[in-house]
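1. sequence and predicted model, in that order:
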Number of protein chains: 2
Amino acid sequence: MSRKLSKPRLAAWRGLLTVQAQVVAKIERRLAAEGLPALMWYDVLFALHEAAGKRLRMSELADEVLLSRSGLTRLVDKLEAGDYLRRENCATDKRGLEVVLTEKGTQVLREVWPVYSSGISEWFSDSLSDGEVAELTRILDKILHAE
Amino acid sequence: MSRKLSKPRLAAWRGLLTVQAQVVAKIERRLAAEGLPALMWYDVLFALHEAAGKRLRMSELADEVLLSRSGLTRLVDKLEAGDYLRRENCATDKRGLEVVLTEKGTQVLREVWPVYSSGISEWFSDSLSDGEVAELTRILDKILHAE
DNA sequence: GGAAAGTGATTGCGTATGCAACTACATGCC
DNA sequence: GGCATGTAGTTGCATACGCAATCACTTTCC
């Protein structure tokens, strides 16, 4: 592993960083301009929405959204204060908590989605063909599933 | 623009976010573990290294590394305090500054590069063929150059 | 030439985030 | 059982970052 990094490989990496940074920044600005919550809030609520029973353990949720445990604790504090989700004690492990999506959380997902999805379309995927999208996904998955 | 976002297009976007987040986090942790400066420091010094005369205006540098102007001001403060670069008054515009890479800055680039590049290899590009790397770069460039 | 509008950089302020330390509970080992 | 070790989540602290306001200078327009 870690053989010498060629120029084309570095170029691919820099391209990925640039695309991600630019698209995320544009979407975040549009969300803020419309008075909507930040992407990370959406990610958390969306992860819950996709989970069985619309609930996850704190640790599972942190892994899902790629946030540190402490970062998630604080974010969940805010989301719970806004009644977008609630913490429940875990029946099988008294150390643990489960986080459950509320109806209001589901509602805010519906409000944010149009802005988020149109940003992804407009700034990320509209310039690609279906074939290119498939190829990009395949390559990224290959990276993710390499051990 | 902003036609409906299909599932495959969303999957590509989420893949990109995940790859970037995971690889960056791993590289940052390794840099921190070795007592080396963070990636953003490297990006700034590298941008200067690549620039003609190893110097750039503050604004050019901010655009290059995708950081806000205020963020760059503060980062350059720290880099200048460590003698990795220095600010010089711009001859043609008294509002402006030029940032110049120092010898020590060049040196730290050489120290960080092995860690950075081996991280990119190991966690990003090693699982791809040359053809896949080329295809990935082509697709990302297409996104970047779409207006 | 000079007022109005624009641009480059910095600073104040609020927020987000990670690491390390901590508490509470769980598991393994004897 | 009971001590040692491990794991779930939270909190203290330091740092990084963006937006809006600001200051200095430049450009535009009359």
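-> Cool, got the structure.
2. mind listing the helices for chain A?
-> A:7-33, A:39-50, A:58-65, A:69-81, A:103-120, A:130-145 (DSSP state H).
3. and the longest one, what does it pack against?
-> Using 3 or more C-beta pairs under 8 Å, 6 or more residues apart in numbering or on different chains; DSSP states H and E as the contact definition, the elements that helix A:7-33 packs against are helix A:39-50, helix A:103-120, helix B:7-33, helix B:103-120, helix B:130-145. (C-beta placed from N, C-alpha, C; glycine too.)
4. now swap in the fifth one and tell me
-> Under the contact definition 3+ C-beta pairs under 8 Å, 6+ apart, helix A:103-120 sits against helix A:7-33, helix A:39-50, helix B:7-33.
5. CSV please, covering the helices of chain A and showing mean pLDDT and mean neighbour count.
-> As requested, the helices of chain A are arranged in CSV below (pLDDT from 0 to 100; neighbours: other C-beta atoms under 10 Å in any protein chain shown):
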stretch, mean pLDDT, mean neighbour count
helix A:7-33, 95, 17
helix A:39-50, 97, 20
helix A:58-65, 97, 18
helix A:69-81, 98, 15
helix A:103-120, 96, 16
helix A:130-145, 96, 16
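6. nearest to DNA strand C, out of those?
-> Using C-beta to the nearest atom of the strand as the measure, helix A:69-81 is the one of the helices of chain A that comes nearest DNA strand C, at 2.8 Å.
7. contact partners of that closest one?
-> Contact partners of helix A:69-81, identified using C-beta atoms under 8 Å, 6 or more residues apart in numbering or on different chains, comprise A:40-41, A:44-45, A:58-59, A:61-62, A:65, A:67, A:85-87, A:99, A:105.
8. can we see that at 7 Å?
-> If you take C-beta atoms under 7 Å, 6 or more residues apart in numbering or on different chains as the criterion, helix A:69-81 is touched by A:M40, A:W41, A:V44, A:M58, A:S59, A:L61, A:A62, A:L67, A:L85, A:R86, A:R87, A:V99.
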